[in-house]
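Asker: please work out how this folds:
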Amino acid sequence: MNIDIGTIHESRGASLVEDLNKIFERSKLFNITLRQISLKKDILGSSKSLEEIERKISHPKLEGSFQLLELPGLSRFTPKSIILGQKRTAYFSTDADAVKIYNFLRTRILKEESLTNTILHMIDPINTGIDSYLRRRIPPADEYDIMFTVLNPEPESLNINFDVAVALDEYISPFLKELEDMNMFHIKSQWLYFVNLQVNPKEINSSTHGHHFALAEELLSGSITPLEKKLATHVSKHPCLNFILYIPPCHQSPLHIYNTKGQRVQGYDAYISPRWGGIQIYNPTRKECETSEERASVVPDKHYIMPIFLQQIRLLLGLQDLNELEEGELTKEAEYIRLWEKDSLIRMRTVEQLTSSKLTLQSIAKLLGKINNIVINDHVGEAIFSSLDYIYKSTDSLKEGKLLQAFLYSKKAFISSEMAFTDPSLLALLYFPDDQKYAVYIPLFLPIMIPVLISFRQLADWSLKKFKRPV
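Answerer: Now for the predicted structure:
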């Protein structure tokens, strides 16, 4: 990985490069190439905001690269000593030393601890802990389905006017378009009527929040299983992320989510289920419910709803939770995905797919060692060799600093290894090996064989007696 450092004084830059090189020598995952670059002092001095600096300076174009620029008077823009931009650049103050810069790179950009934890958990999932970042991230795949579902539990009393397609085109499609060089996403939507969350909320008459209905967070996780049967996500072969918009009827509104401590969830009434999707509750307004019409006309606010779903998608795909960053660590302007966080996701997925491919091939090798009469057909053999070839290519690309290319090779290695392992010819031997066949059939035939064997003995005794009888 290439990291450029630009400072006001060349001597300070040389000192930082030397100190950081010594620190990064201890890294077991990264081979960092640090390089000193010159600063465009006129741009830094004349710009009135960080956003203006971001627009004027040049940024690294190669995926995985990064640059750190010293910015005198950074305190004008932020109280922090290091701040992240929206591309592949961070700015640090004149008092930031090598240790502070290293800790920033390790935790915010490289995420070395999370990468190590991912590898260890995949190798030994029982004895290795799992962090929230890994727990909620959807497993790797070539393509994903994104399913949005609107639940109208009482269509006879609720008339919901919500154009899902327009909302998805405005918020979700542009976001996923920035990830199309990594994966293919299929966005779908549906409406379900006479379907509720299948939980009974608790009515609360007096509280600081006024009269409302409380829904325990742990009950939402239990409602996912019965809901899944009606979402029709099983019709696709791709992993699916489900996002449900639930609009409660007026007689159960407003409905708010409560956490395990019995406190109302702050911010939004939304719940995220790791590796599955998210549920959001949108309550009709009092004005909408107090209508004299037979059916209350509800118009959900897409500008309120869709950013919440967008944040849930980010977390489930494996992007960094920007809410975990302290105030002042990010520039204000931002695109859908900052380039440095996309690089972190590519890096994480590459490591995940390479590790999975190697473990899958090792499992096939163990299977070959246990089953002597196994036959590897040409299709399986070709998939195994392709996976090995792509693993080597991905590893070489990582060494050369070509992150996106390494990711694409690792994805091909992952797909090939899964194709080999799940081939029907291997699955038959994996689930029905010869020793298991004996274990299944012997208890069935043994009770029948015992009388047959006894009758053979009786027949032999009778034959001997017959031949010994005198003529």
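Asker: identify the residues contacting the residue nearest the centre of the chain.
Answerer: Nearest residue to the geometric centre of the chain (C-alpha atoms, centre = their mean): Arg137, 2.4 Å. Contact analysis of Arg137 by C-beta atoms under 8 Å, 6 or more residues apart in numbering lists Pro274, Arg275, Leu316, Leu317, Gly318. The C-beta positions use only the backbone N, C-alpha and C, and glycine is treated the same way.
Asker: quick check: the closest residue in space to Arg106 that isn't next to it in sequence vs Thr118, distance?
Answerer: Of all residues not flanking Arg106 in the chain, Glu112 sits nearest, at 5.3 Å (C-beta to C-beta, 6 or more residues apart in numbering). Taking C-beta to C-beta, to the nearest Å as the measure, Glu112 falls 11 Å from Thr118.
Asker: the more surrounded of these two?
Answerer: Neighbours were counted for Glu112 and for Thr118 using other C-beta atoms under 10 Å; Thr118 has more, 23 against 16.
Asker: helix or strand for the more buried one, which one?
Answerer: In the assignment (DSSP states H and E), Thr118 maps to helix 112-123.
Asker: so the residue nearest to Leu245 when sequence neighbours are not counted is in which element?
Answerer: Using C-beta to C-beta, 6+ apart and skipping the chain neighbours, the partner closest in space to Leu245 is Val150 (4.9 Å). Element membership for Val150, per DSSP H and E: strand 143-152.
Asker: go through the contacts of Arg137 and say which is closest to Lys332.
Answerer: Each of the contacts of Arg137 was scored against Lys332 by C-beta to C-beta, and Leu317 proved nearest at 23.6 Å.
Asker: so the closest one makes contact with Glu178?
Answerer: No - using C-beta atoms under 8 Å, Leu317 is not in contact with Glu178; the gap is 11.2 Å.
Asker: circling back to that earlier point, now do the helix holding Thr118, average pLDDT.
Answerer: Taken as a whole, helix 112-123 has a mean pLDDT of 89.
Asker: for the helix or strand that that helix is followed by, packing partners?
Answerer: Note on helix 112-123: by DSSP H and E, the next helix or strand toward the C-terminus is helix 132-136. Helices and strands touching helix 132-136, as assessed by 3 or more C-beta pairs under 8 Å, 6 or more residues apart in numbering; DSSP states H and E, comprise helix 112-123.
Asker: okay, buried residues for the helix it packs on please.
Answerer: For helix 112-123, burial by neighbour count (16 or more other C-beta atoms under 10 Å) applies to Glu112, Ser114, Leu115, Asn117, Thr118, Ile119, His121, Met122.
Asker: follow-up on the earlier one: can you tell me which helices and strands the helix holding Thr118 packs against?
Answerer: So helix 112-123, by 3+ C-beta pairs under 8 Å, 6+ apart, packs with helix 132-136, helix 339-370.
Asker: what's the angle from the longest one to helix 112-123?
Answerer: Angle, helix 339-370 to helix 112-123, by axes from the mean of the first three to the mean of the last three C-alpha atoms, to 10 degrees: 20 degrees.
Asker: please enumerate the helices of the stretch 151-300 of the chain.
Answerer: Using DSSP state H, counting those that start in this stretch, the helices of the stretch 151-300 of the chain run over 164-167, 173-177, 217-231, 286-289.
Asker: check the stretch 301-450 of the chain too.
Answerer: 302-317, 339-370, 378-399, 403-421, 424-431, 434-468.
Asker: lowest-confidence stretch among those?
Answerer: The bottom spot among these, by mean pLDDT, belongs to helix 424-431, with a mean of 65.
Asker: how far away from the center of its chain is stretch 192-207?
Answerer: 30 Å (C-alpha atoms, centre = their mean, to the nearest Å).
Asker: try stretch 190-205
Answerer: On the basis of C-alpha atoms, centre = their mean, stretch 190-205 is displaced by 28 Å from the centre of the chain it belongs to.
Asker: about what we covered before: wait, the residue nearest to Arg106 touches Ile23, no?
Answerer: No - contact between Glu112 and Ile23 fails when scored by C-beta under 8 Å: they sit 11.9 Å apart.
Asker: gap between Glu329 and Arg135?
Answerer: For Glu329 relative to Arg135 (C-beta to C-beta), the value is 24 Å.
Asker: can I see the domain layout of the protein?
Answerer: Structural domains assigned to the chain are 2-115, 138-317, 339-431, following automatic domain parsing.
Asker: ok, back up a step: Leu317 and Glu178: which is more packed in?
Answerer: Comparing Leu317 with Glu178 by other C-beta under 10 Å, the one with more neighbours is Leu317, at 22 against 13.
Asker: skipping adjacent residues, who's closest to that one in space?
Answerer: Ile138 (6.5 Å).
Asker: so the one you found sits against Asp145, correct?
Answerer: No - Ile138 lies out of contact with Asp145 (C-beta under 8 Å); the separation is 10.8 Å.
Asker: overlap in contacts, those two.
Answerer: With C-beta under 8 Å, 6+ apart as the test, Ile138 and Asp145 both reach Pro239, Leu241.
Asker: for the domains of the chain, which one sits closest to Ala460?
Answerer: The closest of these to Ala460 is domain 339-431. By C-beta to C-beta, the value is 35.7 Å.
Asker: quick one: the closest one to chain centroid distance?
Answerer: The answer for domain 339-431 is 19 Å, by C-alpha atoms, centre = their mean.
Asker: could you do stretch 315-330 as well?
Answerer: 14 Å.
Asker: number of residues surrounding Ser15?
Answerer: When neighbours are counted by other C-beta under 10 Å, Ser15 comes out with 15.
Asker: apart from its neighbours in sequence, what residue is nearest it?
Answerer: Ala98 is the one closest to Ser15 (C-beta to C-beta, 6+ apart), at 7.8 Å.
Asker: for burial, what's the neighbour tally of that neighbour?
Answerer: Neighbour count of Ala98, defined by other C-beta under 10 Å: 17.
Asker: for it, give its distance to Asn21.
Answerer: 9 Å.
Asker: what does Asn205 give?
Answerer: In terms of C-beta to C-beta, Asn205 sits 65 Å off from Asn21.
Asker: these two: which is more packed in?
Answerer: Asn21 (13 against 7).
Asker: am I right that that one sits in a helix?
Answerer: Yes - under DSSP: H, G, I helix; E, B strand; the rest coil, Asn21 falls within a helix.
Asker: from Phe30, how far off is it?
Answerer: The gap separating Asn21 from Phe30 is 12 Å, by C-beta to C-beta.
Asker: which residue sits closest to Ala165, ignoring its sequence neighbours?
Answerer: Nearest to Ala165 is Ser189, by C-beta to C-beta, 6+ apart, at 6.7 Å.
Asker: the one you found: what's it in contact with?
Answerer: Contacts of Ser189 (C-beta under 8 Å, 6+ apart): Met147, Phe148, Thr149, Val150, Val164, Ala165, Leu168.
Asker: beta partners for it?
Answerer: Phe148 (DSSP bridges).
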